[in-house]
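Undergrad: Here is a sequence with its predicted model. Questions after.
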Amino acid sequence: MLQIAFIRENQEQVAKGLAKRNLDVTALLEEVLALDEKRRSTQVELDNVLAESNKLSKSIGELMKNGEKAKAELIKEKTSNLREQSKELTEKLNSISAELNEKLYTLPNVPNDIVPAGKDADDNLNVFEAGEVPTLHEGAMPHWELAKKYDIIDFELGNKITGAGFPVYKGKGARLQRALISYFLDKNTEAGYKEYQVPHLINEASGYGTGQLPDKEGQMYHVGVDDLYLIPTAEVPVTNMFRDVILQESELPILCTGYTPCFRREAGSYGAHVRGLNRLHQFDKVEIVRIEHPDNSYKALDGMVEHIKGILDELKLPYRILRLCGGDMGFTSALTYDFEVFSTAQDRWLEISSVSNFETFQANRLKLRFKDSEGKNQLTHTLNGSSLALPRVLAGILENYQTPEGIVIPEALRPYTGFDIID
């Protein structure tokens, strides 16, 4: 959530920044600032009433002590009226604050200055490419056909058990999946990230804390009886571990990693590009999260990008990095880099990771702060990235490493799989 003080002092900058997302928020910002002014004037009125009430209350005891009972009774009546006034003003203040927050929740984060303006994925900037696209043998297959040929992923069985988008991994497919999870976690912990195992269900406060609610409510699975949500990513429970926390400056940075299954309804996703592992309702992902000092967050973002590059270089997969334009960025992000692996058999790029800096946007919702050197509470910056999302990494390995003899396992994964080919 954007800080109201920032909007108040930088109204034009906020409007200009959100225009990069193809949003005209001019009228909304005027409504927000009018509500803020109303809230502040009501707060002043309430503070004055409370101060007067406290002052009069103190004088009652003195009057009673001096035998001036009649005066004391008059003042008691005044304080009673003031208490009623303060109750009405408190209710008014709460109502205004709730309306203000409701409007603030609809405002996305302001993009960083280097975010390009643009409408959709076609306007993203390609900032880096690495790895060689292999030349495949004649008769090479997309991963969903390879999965069937080698009996390693069963999409139809998952459909029988649950529905489309819930695959069953079998034999060497299941072991390769487990190997990838362990490999990613090991790479992250070696880089200084502390591993966590977190719940796969969250409450509403957690959804609001990291910005999935109310923005992504329609994409989340909701358990109505208990009013809980299945997590769309480990980012949500991991970051919410620090909700309502005040850190010491010396505790920063905090680096976390965790593996979870992820659940997304993916409503409205149809067509050839959602075949196989390309888009699922349940999938595995290893996440990295950082809680950073505001002065260091962009250096940390660069470090996260380099870390993920190192993993993909080890896997020897062809990949590229995109800086997302305003129209393609997530609601909470100030700057996002997407990693995409090239699927040779499908002749297309597949997104495998998003790495984002949210600046203070999540921290403001989470009330996640640190005490600076002057003893003042400041909002932290939060960052997260997929390191990595498994389905499309797995699709890339199956397709790019296929040979007439079978699917060769990347060398970096062989200590984890215990085999070097799927045949």
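TA: Cool, the structure landed.
Undergrad: what sits against residue 416?
TA: 178-180, 182-183 (CB atoms under 8 Å, 6 or more residues apart in numbering). Backbone N, C-alpha and C define where each C-beta goes, glycine included.
Undergrad: I meant residue 341, not that one.
TA: Per CB under 8 Å, 6+ apart, neighbours of residue 341: 312, 317-319, 349-350, 352, 392-393, 396.
Undergrad: What about these, which are in helices?
TA: Judged by DSSP state H, helices contain the following of those: 312, 392-393, 396.
Undergrad: Of all pairs in these, which one spans the longest distance?
TA: The most widely separated members of these are 312 and 392, with 11.8 Å between them, by CB to CB.
Undergrad: so where's the stretch 1-150 of the chain uncertain?
TA: Residue ranges of the stretch 1-150 of the chain with pLDDT under 70: 61-69, 72-73.
Undergrad: Quick check: can you list the domain ranges of the chain?
TA: The chain breaks down into these domains under the TED database: 4-106, 121-422.
Undergrad: Take these and lay them out in CSV including distance to residue 114.
TA: Compiled in CSV, the domains of the chain are given as follows (distance: least, CB to CB, whole Å):
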stretch, distance to residue 114
domain 4-106, 11
domain 121-422, 7
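Undergrad: Nearest to residue 112, out of those?
TA: domain 121-422 (4.2 Å).
Undergrad: so how far is the closest one from its chain's centroid?
TA: Distance of domain 121-422 from the chain centroid (CA atoms, centre = their mean, to the nearest Å) equals 11 Å.
Undergrad: End to end on it, go ahead and measure it.
TA: 35 Å (CA to CA, to the nearest Å).
Undergrad: what about the helices in the stretch 201-350 of the chain?
TA: Counting by DSSP state H, counting those that start in this stretch, the stretch 201-350 of the chain has helices at residues 204-210, 235-240, 297-315.
Undergrad: dump the residue contacts of residue 170.
TA: 151-154.
Undergrad: List just the nearest of the residues you listed to residue 403.
TA: residue 152 (15.4 Å).
Undergrad: quick revisit: could you dump the contacts of residue 416 to CSV with distance to residue 144?
TA: Output for those, formatted as CSV (distance: CB to CB, whole Å):
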residue, distance to residue 144
178, 20
179, 20
180, 18
182, 25
183, 23
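Undergrad: ok, back up a step: okay, the domains of the chain, which one's buried deepest?
TA: Among those, judged by mean count of other CB atoms under 10 Å, the one packed with the most neighbours on average is domain 121-422 (a mean of 18).
Undergrad: Which phi and psi values does residue 265 adopt?
TA: Residue 265 adopts backbone torsions of phi -70, psi -30, taken as degrees, to the nearest 10.
Undergrad: And the pLDDT for it?
TA: pLDDT for residue 265: 93.
Undergrad: which residues sit in contact with it?
TA: Contacts for residue 265 (CB under 8 Å, 6+ apart) come out as 218-221, 281.
Undergrad: As CSV, those with distance to residue 190 would be great.
TA: As requested, the contacts of residue 265 are arranged in CSV below (distance: CB to CB, whole Å):
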residue, distance to residue 190
218, 38
219, 33
220, 32
221, 33
281, 32
